[in-house]
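Peer 1: Please find the sequence and the predicted model below.
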Amino acid sequence: MKMIKNRKRSASVREMMQTHFAVMPFEGEWAELLGRPQMSGCWLVWGESANGKTALLLQLSKYLTQFGRVGYNSLEEGISESLKQACIRENMIECNNRFQIIDKETIAELEARLIKRKSPDIVIIDSVQYTELNRLTAKQFVDKFPKKLFIFVSHASGKMPEGRTANAIKFHAMVKIRVEGYRAKIESRFGGDKSKHYTIWHEGAAQYWGEL
């Protein structure tokens, strides 16, 4: 009987230590909160509506354009007046061609885009609830593109992501970001100070948290 070889090779600790991973050398506040993240795999951002998710995603996108091309797949809003105004507020024009809005592409359409040369290195999918992904296909989708970083966005149910798919993504996510009251609480497997938060909009956060 022919033996079936294991397709995944093992590695010694020494080999792993000598392996080069593409990381993003964050600096300042982002480094303090997230460390030096690997530029692949998946993250999850979640929170209730009108708490600052879109502003956070644009602020984060602007920073990430220093490390690669960012594509924002706006499944909920699409290319719309509200998203246009959000981009104006965050001055996204500064990103030039390193940031693009993708208008309501299905996962199949997004896959076709990502196999092309000069496709986005970092992909934001807003939101999980507007895809047809489930717990299995979400992981399969990410695994198809081992050199790209996916940032999934989810609605919230209380303090948790809404639905089984979003919660499955949360389990696998290397960075987890919960948004509430214009602040982002971040958990990163790459380091960072979990006791601190990122303020998306200072005045709005102060009002929400009763700090005025």
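Peer 2: In hand now; what should we look at? Numbering: from 1, shown residues only.

Peer 1: Tell me which residue is most central in the chain.
Peer 2: Geometric centre of the chain, nearest residue: residue 151, 2.0 Å, by CA atoms, centre = their mean.

Peer 1: which ones are touching that one?
Peer 2: Applying CB atoms under 8 Å, 6 or more residues apart in numbering, we find residue 151 in contact with 42-45, 57, 60, 122-125. (C-beta placed from N, C-alpha, C; glycine too.)

Peer 1: And for residue 53?
Peer 2: Residues in contact with residue 53 (CB under 8 Å, 6+ apart) are 45-47, 153, 179.

Peer 1: what do you get if the cut-off is 7 Å, keeping everything else the same?
Peer 2: Neighbouring residues of residue 53 by CB atoms under 7 Å, 6 or more residues apart in numbering: 45, 47, 153, 179.

Peer 1: where along the protein do the strands fall?
Peer 2: 41-47, 70-74, 99-103, 122-126, 149-154, 156-157, 160-161, 175-180, 183-188, 197-199 (DSSP state E).

Peer 1: circling back to that earlier point, out of the contacts of residue 151, who's nearest residue 114?
Peer 2: Distance ranking of the contacts of residue 151 against residue 114, using CB to CB, places residue 123 first at 7.1 Å.

Peer 1: hang on, isn't that closest one packed against residue 148?
Peer 2: Yes - with contact defined as CB atoms under 7 Å, residue 123 reaches residue 148; the gap is 6.3 Å.
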